[in-house]
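A.B. asks: A structural model of the following input is requested.
(2 chains)
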Amino acid sequence: MSGTEIGLAVSVFLACAVEAVEALTIVLAVGTTRSWSSTFAGVGAAVLALALIVVALGPALTSLPIDALRVLVGGLLLVFGLQWLRKAILRGAGLKAKHDELQTYREETEAARANGRHAGFDGYSFAIAFKGVLLEGLEVAFIVLTFGANQHDVALAGVAAAAAVFVVVAAGTAARAPLARVPENTMKLAVGVMLSSFGMFWGAEGAGARWPGGDAALLAIVPGVLLVALALVWALQRGTYTLPSQTSDDSAATETATART
Amino acid sequence: MRQVLIFLIGIWDFVVGDDWRTAVGVVVALGLTALISAAGGSAWWVMPVAVLGLLTLSVRRAAREASRRG
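C.D. replies: Numbering: from 1, shown residues only, chains lettered A, B, ... in the order given. From the prediction side, this is the model:
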């Protein structure tokens, strides 16, 4: 397995695991509160929809000329990865609330109870499970498609995604509770770093640039992006980003937001 | 027609999110890389510089918004 294939598998595995943890919380909440059979039907329908998206769009992407594919995929991955990275940096610095699986579980459980029970097929359970898995899964499908298509190995990306789902479901089944101790922010930071690094690498190659050292340049790009991200977290925590227009009230608000972590 | 528009807005929202400036910056950086490469120059440095600048500015904008909201 080459370095880029390992990068592909690790990125897809981490991205899929973190999204699966969030989807599992919703599924557990609605399943335990209302109807497992309707919840599983919703999960199955969402997984089928996601598989159809990958199967339909995968061949269309891989049929593009390699340079056009790399510019398209690189650009999309970079835009997408920078979003993940920015949110992870803000969470790391305490300026954005971290994802709390137990809190989400409580909210989803209360909402499910408030809707009352139905005999037979429960449309609420189906809809919530379908929506939760589909929305969390779309980002994974996007990553599987872009990484997989660029490496002409959608199957490897699919296997990495399936492995992540298996691990999360197994852990959730064993714990019989939301996986609140999974370091989601760290995983999201890692995914953001990988998406941005590979996006930058492939985008530049597709646009005609040649990296010094070829594929080995990734060994400098990935740690470089990670260092920049950590430096930004550090700068935000130290309040380096005090703006000229920022008032003392704003500064106090920043401190309050930081103190919440 | 309206459904196509809703679909396109959904795609835009999904990929670009709430920071369109970063997306525009990525497109500009890729274009600049292509131009320099086509002219025979070494262009690999454009994307790292662009990513450093775009990420820093994006985080800075978001931090400012977060501090304003308190």
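A.B. asks: buried sites along stretch A:180-190?
C.D. replies: A:Ala180, A:Val182, A:Glu184, A:Asn185, A:Met187, A:Lys188, A:Leu189, A:Ala190 (16 or more other C-beta atoms under 10 Å in any protein chain shown). From N, CA and C alone the C-beta is placed, and that goes for glycine too.
A.B. asks: got the residues of chain B near chain A?
C.D. replies: Residues of chain B that fall close to chain A, judged by C-beta under 8 Å from any C-beta of the partner chain: B:14-17, B:19, B:22-23, B:26-27, B:30-31, B:33-34, B:36-38, B:42-44, B:46-48, B:51-52, B:54-56, B:58-60, B:62-64, B:66-70.
A.B. asks: buried subset of these?
C.D. replies: B:16-17, B:19, B:22-23, B:26, B:30, B:33-34, B:36-37, B:43-44, B:46-48, B:51, B:54-56, B:58-60, B:62-64, B:66-67.
A.B. asks: my guess is A:Glu22 meets A:Glu101, correct?
C.D. replies: Yes - the pair A:Glu22 / A:Glu101 is scored as a contact, 7.4 Å apart, by C-beta atoms under 8 Å.
A.B. asks: tell me, what's touching the two both at once?
C.D. replies: A:Glu184 (C-beta atoms under 8 Å, 6 or more residues apart in numbering or on different chains).
A.B. asks: could you check the pLDDT of A:Ile128?
C.D. replies: You'll see A:Ile128 listed with a pLDDT of 92.
A.B. asks: which stretches in the chain count as helices?
C.D. replies: All of this is about chain A. A:3-33, A:36-62, A:66-92, A:101-114, A:123-150, A:154-175, A:184-206, A:218-237, A:248-259 (DSSP state H).
A.B. asks: the chain in question should be chain B.
C.D. replies: Using DSSP H, helices in chain B cover B:2-16, B:20-38, B:46-69.
A.B. asks: residues near the residue of the stretch 101-250 of chain A found nearest chain B, how many?
C.D. replies: In the stretch 101-250 of chain A, the residue that lies nearest chain B is A:Gly208 (3.0 Å; C-beta to the nearest C-beta). Per other C-beta atoms under 10 Å in any protein chain shown, the neighbour tally for A:Gly208 reads 20.
A.B. asks: what sits against the closest residue to it other than its chain neighbours?
C.D. replies: Of all residues not flanking A:Gly208 in the chain, B:Ser37 sits nearest, at 3.0 Å (C-beta to C-beta, 6 or more residues apart in numbering or on different chains). Counting by C-beta under 8 Å, 6+ apart, B:Ser37 makes contact with A:Ala207, A:Gly208, A:Ala209, B:Ala43.
A.B. asks: thought the last one was touching A:Trp211?
C.D. replies: No - in this structure B:Ala43 lies outside contact range of A:Trp211 using C-beta under 8 Å: 10.1 Å.
A.B. asks: okay, and the common contacts of these two?
C.D. replies: Residues touching both B:Ala43 and A:Trp211 (C-beta under 8 Å, 6+ apart): A:Ala204.
A.B. asks: quick one: low-confidence residue ranges for chain B.
C.D. replies: B:70 (pLDDT under 70).
A.B. asks: got it, and the stretch 51-200 of chain A?
C.D. replies: Applying pLDDT under 70 to the stretch 51-200 of chain A flags residues A:116-119.
A.B. asks: near chain B, which residues of it?
C.D. replies: A:71, A:74-76, A:78-80, A:82-83, A:85-86, A:89-90, A:93, A:95-96, A:138, A:142, A:196, A:200.
A.B. asks: which of these are buried?
C.D. replies: Buried among these by 16+ other C-beta under 10 Å: A:71, A:74-76, A:78-80, A:82-83, A:85-86, A:89-90, A:93, A:95-96, A:138, A:142, A:196, A:200.
A.B. asks: before we move on, back to that, can you lay out the contacts of B:Ser37 as JSON lines showing distance to A:Gly239?
C.D. replies: Shown next, in JSON lines, are the contacts of B:Ser37 (distance: C-beta to C-beta, whole Å):
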{"residue": "A:Ala207", "distance to A:Gly239": "37"}
{"residue": "A:Gly208", "distance to A:Gly239": "41"}
{"residue": "A:Ala209", "distance to A:Gly239": "37"}
{"residue": "B:Ala43", "distance to A:Gly239": "36"}
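A.B. asks: between those residues, which sits nearest A:Gly3?
C.D. replies: Here the nearest of the contacts of B:Ser37 to A:Gly3, counting by C-beta to C-beta, is A:Ala209; it sits at 18.8 Å.
A.B. asks: quick check: phi and psi at the closest one.
C.D. replies: Backbone torsions of A:Ala209, given as degrees, to the nearest 10, read phi -80, psi 150.
A.B. asks: now chain B against chain A: closest residue?
C.D. replies: B:Ser37 (3.0 Å).
A.B. asks: fine, thanks again, bye for now.
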